[in-house]
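Asks: Have a look at this fold, sequence not included:
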Ligand SMILES: O=C(O)C(=O)C[C@]1(C(=O)O)C=C[C@@H](O)C=C1
């Protein structure tokens, strides 16, 4: 077939696709009406999102890879939010931060984004109902737990409704060429994560620390001879070229993010539950609690402590367990925990993140 004929064929398929996509969107209009009438199901439904994306991958016979279809469906679902009720998503700003990048990956192009100055602000805007959801980092594969996020859970009644992981790749961003760079702006943690590249390229004497990677990009955009290290999104927003990609020392640098809201998510069958508990200050107290998880065959995927800020040397323990809070064994285990702890609180059940398709 000639190129012209093949393009005609693509045009015909595109026009059918546009019709089909809008046929889907008309059903979403009705879903929106039902949700508004009923009020019990949120516009963003992580349990249903998981189901839709798994089904799409199951149906896909190629030649397109699953990741392409998942990206298309994420944007379709972003359009669904717009139809049902435009969502406001808060994140740790400024624009171009890695939290912004994670938010865009999750919620797509058709929602409103609200950058905030600190993580506590992200919690507060959701608590006040000014934002529907918030995106907060909770742990990094090399940097560990994000204490601001953990502490905010202790001080608010906000719940976790979903989780996601995002590889964190640092880029050298500038308007000038590599040889012309006189200063490089970024956050101290980012310089630490890119130490090898900085040394190998003799930039040790040219680094200047800033409060955020996005601020660094903003500064680099104001000068002809300055660069920043940050996200590719920051490069796009502030009009900088990516001179070098993936300059981090550890190529598998990943951050886990939580999507926070006023409620958690119904059971999907492959869920996690986050809890926080405080143990009494006596020998074997934590051992006792872990014994309960063992007794009810509950797999602990993470445990982390934070100091109890009112009494020295007492701790809150944040634990993630596999399963949903409505599962029989988790209900029983949490009942037992009430007798063995000073306090125990469920932070939410949500679909387990199973990775992005290849
Ligand atoms: O099923 C729903 O609850 C919808 O709102 C529809 C839809 C979709 O477009 O498929 C959109 C948003 C939700 O997060 C999940 C699914």
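Replies: Arrived safely, thanks for sending. All values derive from a computational prediction rather than experimental measurement. Residues are numbered from 1 along each chain as shown.
Asks: okay, CA-based contacts and neighbour counts for the rest of this
Replies: Fine.
Asks: quick one, longest helix in this structure?
Replies: If you go by DSSP state H, the chain has its longest helix at helix 3-38.
Asks: What residues sit buried inside that helix?
Replies: Under the neighbour-count criterion of 16 or more other C-alpha atoms under 10 Å, helix 3-38 has 25, 28, 29, 31, 32, 35 buried.
Asks: Please apply the same query to stretch 46-58.
Replies: Neighbour-count burial for stretch 46-58, counted by 16+ other C-alpha under 10 Å, picks out 46, 47, 50, 52, 53, 57.
Asks: for stretch 101-121, same thing?
Replies: Neighbour-count burial for stretch 101-121, counted by 16+ other C-alpha under 10 Å, picks out 101-104, 106-111, 113-116, 119-121.
Asks: same question, stretch 176-189
Replies: For stretch 176-189, the neighbour count (16+ other C-alpha under 10 Å) marks 176, 178, 181, 183, 184, 185, 186, 187 as buried.
Asks: which of these lies closest to the ligand?
Replies: residue 187 (34.0 Å; C-alpha to the nearest ligand atom).
Asks: Show the pLDDT at the residue of the stretch 51-200 of the chain found nearest the ligand.
Replies: At 4.0 Å from the ligand, residue 77 is the closest residue in the stretch 51-200 of the chain, using C-alpha to the nearest ligand atom. Looking at residue 77, its pLDDT is 97.
Asks: just the one 3 residues further on next, same as before
Replies: Residue 80 carries a pLDDT score of 98 in this model.
Asks: just to revisit the earlier point, which secondary structure elements does the longest helix of the chain contact?
Replies: With contacts taken as 3 or more C-alpha pairs under 8 Å, 6 or more residues apart in numbering; DSSP states H and E, helix 3-38 sits against helix 66-84.
Asks: packing partners for the helix it packs on?
Replies: Using 3+ C-alpha pairs under 8 Å, 6+ apart: helix 66-84 touches helix 3-38, helix 46-59, helix 98-107.
Asks: As TSV, the ones you listed with distance to the ligand would be great.
Replies: Formatted as TSV, these follow (distance: least, C-alpha to the nearest ligand atom, whole Å):
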stretch	distance to the ligand
helix 3-38	6
helix 46-59	5
helix 98-107	9
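Asks: Reformat those as a markdown table; add distance to residue 146.
Replies: Formatted as a markdown table, those follow (distance: least, C-alpha to C-alpha, whole Å):
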| stretch | distance to residue 146 |
| --- | --- |
| helix 3-38 | 34 |
| helix 46-59 | 23 |
| helix 98-107 | 13 |
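Asks: Using TSV, please lay out the ones you listed together with mean pLDDT.
Replies: What follows is the helices and strands packed on helix 66-84, written out as TSV (pLDDT from 0 to 100):
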stretch	mean pLDDT
helix 3-38	97
helix 46-59	96
helix 98-107	95
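Asks: Can you check which of these gets nearest to residue 276?
Replies: For the helices and strands packed on helix 66-84, proximity to residue 276 was assessed by C-alpha to C-alpha; helix 46-59 is nearest, at 22.1 Å.
Asks: Now residue 141. Nearest residue, chain neighbours left out?
Replies: Take residue 141 and drop its neighbours on the chain: the residue closest to it by C-alpha to C-alpha, 6 or more residues apart in numbering is residue 254, 5.4 Å away.
Asks: Number of residues surrounding the one you found?
Replies: Using other C-alpha atoms under 10 Å, residue 254 has 17 other residues around it.
Asks: got it, and the one 3 residues further on?
Replies: Around residue 257 there are 22 other residues, counting by other C-alpha under 10 Å.
Asks: This structure against the ligand: which residues are in contact?
Replies: Residues of the chain lying close to the ligand by C-alpha under 6 Å from any ligand atom are 28, 31, 43, 44, 45, 46, 48, 49, 77, 80, 81.
Asks: run the last query once more with 8 Å
Replies: Taking C-alpha under 8 Å from any ligand atom as the contact definition, the chain meets the ligand at 24-25, 28, 31-32, 35, 41-49, 52, 73, 76-81, 84.
Asks: residues contacting residue 308?
Replies: Residue 308 makes contact with 314, 315, 316, according to C-alpha atoms under 8 Å, 6 or more residues apart in numbering.
Asks: Fine by me, thanks again.
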